[in-house]
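>>> Sequence first, then the predicted structure:
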Protein chains: 2
Amino acid sequence: MIQLAKISRLAEKAEARSCRRAYKKDQLADHAIETLKTLGYAHTSLRDIAEASNVAVGTLHYYFEDRADLISYCVRRYKIAFIAEMNSILQTDLEPERIVTHFVHGLSLSIRREAETHRLWYDIRAQGMFDPAFMGVVESIENDLTELVAGLLSRLNLPVEQAGPVYLVLDATFRYHLQKHLAGAPDAPENFERQTLALLSKLI
Amino acid sequence: MIQLAKISRLAEKAEARSCRRAYKKDQLADHAIETLKTLGYAHTSLRDIAEASNVAVGTLHYYFEDRADLISYCVRRYKIAFIAEMNSILQTDLEPERIVTHFVHGLSLSIRREAETHRLWYDIRAQGMFDPAFMGVVESIENDLTELVAGLLSRLNLPVEQAGPVYLVLDATFRYHLQKHLAGAPDAPENFERQTLALLSKLI
DNA sequence: TATTTTTCTGGACATACGTTCAGTGGCAGT
DNA sequence: ACTGCCACTGAACGTATGTCCAGAAAAATA
């Protein structure tokens, strides 16, 4: 009995420790994202990230396997947060007609507000075509995004099988107008909304 | 009169020289593309390219401004060749119904045969979101691709204004199945054809 | 308080990078 | 034979890179 209590206390401590570790890891990842989203995959060094995080280079290797592991973790983290944010839009109980414009508007806002972060995704996704270390992350995130779209479709009482192609269409217009926005086009977000809604109305 | 002849002879020589120079430049670019398509933008150094071309590093700077100039030139070169190839498909005088399946089949073949080259495009396109040095190339190539699609639409007696969205749809499915193909999926090219034709039939 | 464990440091290592430039070889014109 | 131009070399420069590691600092445990 006493031993059981001891063991459970030890387990508790171990959990608390790994929790603190996870917290610090996420903190480092957030700083890394800040650096990655401004410099991109190719030009971000571990020293850049360490400087932004106010830690030594060695610390990064204490929390992450290597550069690829760190960057994979960052992309996964920010993208999961984005998907959660989008999913919360689907939770609002609007009539089906409004929900799609609301959803597309949410994407449009995200172009405006998080443009620099989103380009990191497209950077890593391209990287995944070369480096097997990123293939897994890319595939898993893209599956999550397709599931997000499936959630939108089921919210509209539409067949979920169309999620794949609809995701591709949303991704294409999103990427294109994100690019225009980053190039300085002021009307990119509104053009995105118009073009996307026009395309969706033909598809579904 | 004699002076005029001399001048024209000089001009002739100068032209021949700049022609040889352009030829050698393209030769270097072709070797560079070979390297870039296997290593990607981030991990291709000028020394890799020089080695593949059997020239010294300095030679590359003799023909190109800097790394960004060389890579821009490469992407533009290969993409223009690809667009010309696709345009030649549009020249065949098939009935409008066949031409679109023929076109999509051409894209599918290109996934199979030139997968490694195509991923370079997506790599540089992502890079263009960070580095202004690539924004111009990306925009110009993307305009050419939209024009290619406009050619397809006009071949089908369809309004050319739809070229923008149709390009985006083609690009999205092409990129997605190219990615699957590179990840080892054997049925990616045929899936690309099926999904793309299904999407196009709803759009046009 | 003493000891053990975890967290973090920052310098060392080997290698790689883009770019420059003095200099070499060859070829055309005179 | 001499000159001037062009194509090209490859060493050198300064800086940057990912990774490793002996050891310091801090925190947890006893």
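Noted; the coordinates are in hand.

>>> Could you list the low-pLDDT ranges of chain A?
Within chain A, the ranges that satisfy pLDDT under 70 run A:1-11, A:13.

>>> which ones are touching the most centrally placed residue in it?
Nearest to the mean C-alpha position of chain A, by CA atoms, centre = their mean, lies A:K79 at 0.9 Å. Contacts here follow CB atoms under 8 Å, 6 or more residues apart in numbering or on different chains; on that basis A:K79 touches A:121, A:141, A:144. C-beta here means a position set from N, CA and C on the backbone, and glycine is covered the same way.

>>> gap between it and A:M86?
To A:M86, A:K79 is 11 Å away according to CB to CB, to the nearest Å.

>>> Specify which member of the contacts of A:K79 is nearest to B:G128.
B:G128 has its nearest neighbour among the contacts of A:K79 in A:W121, at 14.7 Å by CB to CB.

>>> For the closest one, give its distance to B:A126.
To B:A126, A:W121 is 9 Å away according to CB to CB.

>>> go on, A:Q179?
Separation of A:Q179 from B:A126 (CB to CB) stands at 9 Å.

>>> any idea which helix or strand carries the residue in chain A that DNA strand C sits nearest to?
Nearest residue of chain A to DNA strand C: A:G58, at 2.0 Å (CB to the nearest atom of the strand). Per DSSP states H and E, A:G58 falls inside helix A:57-63.

>>> Please point out which parts of the helix ranked longest in chain A sit buried.
Ranked by residue count, the top helix of chain A under DSSP state H comes out as helix A:2-39. In terms of neighbour count (16 or more other CB atoms under 10 Å in any protein chain shown), helix A:2-39 has its buried residues at A:25, A:28-29, A:31-39.

>>> Helices along chain A, start to end?
A:2-39, A:46-53, A:57-63, A:67-91, A:96-127, A:132-155, A:163-182, A:188-203.

>>> quick check: angle from the first one to helix A:46-53?
Taking axes from the mean of the first three to the mean of the last three CA atoms, to 10 degrees, one finds helix A:2-39 and helix A:46-53 inclined to each other by 110 degrees.

>>> Close to DNA strand C: what parts of chain A are there?
Residues of chain A found near DNA strand C, taking CB under 7 Å from any atom of the strand as the criterion, are A:17, A:20-21, A:24, A:54-59, A:62-63.

>>> if you set the cut-off to 6 Å instead, what comes out?
Contact residues, chain A versus DNA strand C (CB under 6 Å from any atom of the strand): A:17, A:20-21, A:24, A:55-59, A:62.

>>> residues in contact with A:L109?
Residues near A:L109 by CB under 8 Å, 6+ apart: A:P189.

>>> What's the separation between the closest residue to A:T117 other than its chain neighbours and A:H31?
Take A:T117 and drop its neighbours on the chain: the residue closest to it by CB to CB, 6 or more residues apart in numbering or on different chains is A:K37, 4.8 Å away. In this view, A:K37 and A:H31 are 11 Å apart by CB to CB.

>>> Same check on A:H118?
A:H118 is 18 Å from A:H31, by CB to CB.

>>> Now do the domain split for chain A, please.
A:1-64, A:66-204 (automatic domain parsing).
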